[in-house]
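**Q** Provided below for reference: sequence and predicted model.
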Amino acid sequence: MEDRREDLELLEKIAEGSRAAFDRFYEKYAPMVYHIALRIVGDEVEAEDVSHDVFLEILQKPHQFDPKRGSVQAFLAVKTKSRSLDRLRKKRDLLVSRLEEAALTEKGAEFDFLRQLEQQVILDALTHLPEEQRQAIIHFYFRGETQREIAAAMNKPLGSVKSLIRYGLRNLRKQKELFHWMEAGRGEEQHEA
């Protein structure tokens, strides 16, 4: 309760322009926000950028927080998750537009190379999955089969197929190699995990 009261007071003071209140708020919640962002975006620099965006918005709009809707921690967690997913979408959209641009300008060899490289990276990542997860993902994403069709083909309950797909995707995300080649294409420095 004391913590909640302190948070409300800090947000009020931030709204009044208090730099000290903002510094205290930042000090208190920056590690949590950064940790959430890092778990979602998987890159330290990106996580720092997301954290910066979240706290900049707090500084500019401290009255966004509604104490009736939950705690400051929950509010910041939702805001951080939203900003992180936005950043991942922008990154994906940038990659797609670069591939499309390459197709329009080069009309051939370069685009084919990038497409083959992308396919090879995905195929390599799939080989590291347990067999059943790999099969479920191939059926679902590459053959376009429904989960019910996959359950019938694999002779598994529907819930098991859903779990295989979910865990398979989670395991693919853990393979940072799948995403590092995209980073290198932007000419940015890669960061060691």
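**A** On my side now, so go ahead.

**Q** measure L88 to I58 for me?
**A** Shown here: L88 relative to I58, a distance of 21 Å by C-beta to C-beta, to the nearest Å. Quick note: C-beta positions are derived from backbone N, CA and C, even for glycine.

**Q** who's more crowded, these two?
**A** Shown here are L88 and I58; by other C-beta atoms under 10 Å, I58 has more neighbours (23 against 17).

**Q** so the more buried one is in which element?
**A** In the assignment (DSSP states H and E), I58 maps to helix 44-60.

**Q** that helix: how far from the chain's middle?
**A** 14 Å (C-alpha atoms, centre = their mean, to the nearest Å).

**Q** which residues are contacting the helix or strand where A37 lies?
**A** For A37, the host element (DSSP H and E) is helix 19-41. For helix 19-41, the external contacting residues (C-beta atoms under 8 Å, 6 or more residues apart in numbering) are 7, 9-14, 44, 46-48, 50-51, 54-55, 58-59, 72-73, 76-77, 80-81, 83-85, 87-88.

**Q** now it against helix 44-60, angle please.
**A** Angle, helix 19-41 to helix 44-60, by axes from the mean of the first three to the mean of the last three C-alpha atoms, to 10 degrees: 140 degrees.

**Q** show me which residues of helix 19-41 are buried.
**A** For helix 19-41, burial by neighbour count (16 or more other C-beta atoms under 10 Å) applies to 21-22, 24-26, 29-30, 33-34, 36-38, 40-41.

**Q** and stretch 42-51, by the same measure?
**A** So for stretch 42-51, counting by 16+ other C-beta under 10 Å, buried means G42, D43, E46, A47, D49, V50, S51.

**Q** stretch 153-169 too?
**A** For stretch 153-169, using 16+ other C-beta under 10 Å, the buried residues are K156, V161, K162, L164, I165, Y167, G168, L169.

**Q** ok, those vs F65, which is closest?
**A** L169 (33.0 Å; C-beta to C-beta).

**Q** before we move on, the earlier item: which two in the buried residues of stretch 153-169 are spaced the farthest apart?
**A** Across those, the longest distance by C-beta to C-beta is 16.9 Å; it joins K156 and L169.

**Q** look up how far A153 lies from the residue lying closest to T127 once chain neighbours are set aside.
**A** Nearest non-adjacent residue to T127, counting by C-beta to C-beta, 6 or more residues apart in numbering: R134, 7.5 Å away. For R134, the distance to A153 (C-beta to C-beta) stands at 14 Å.
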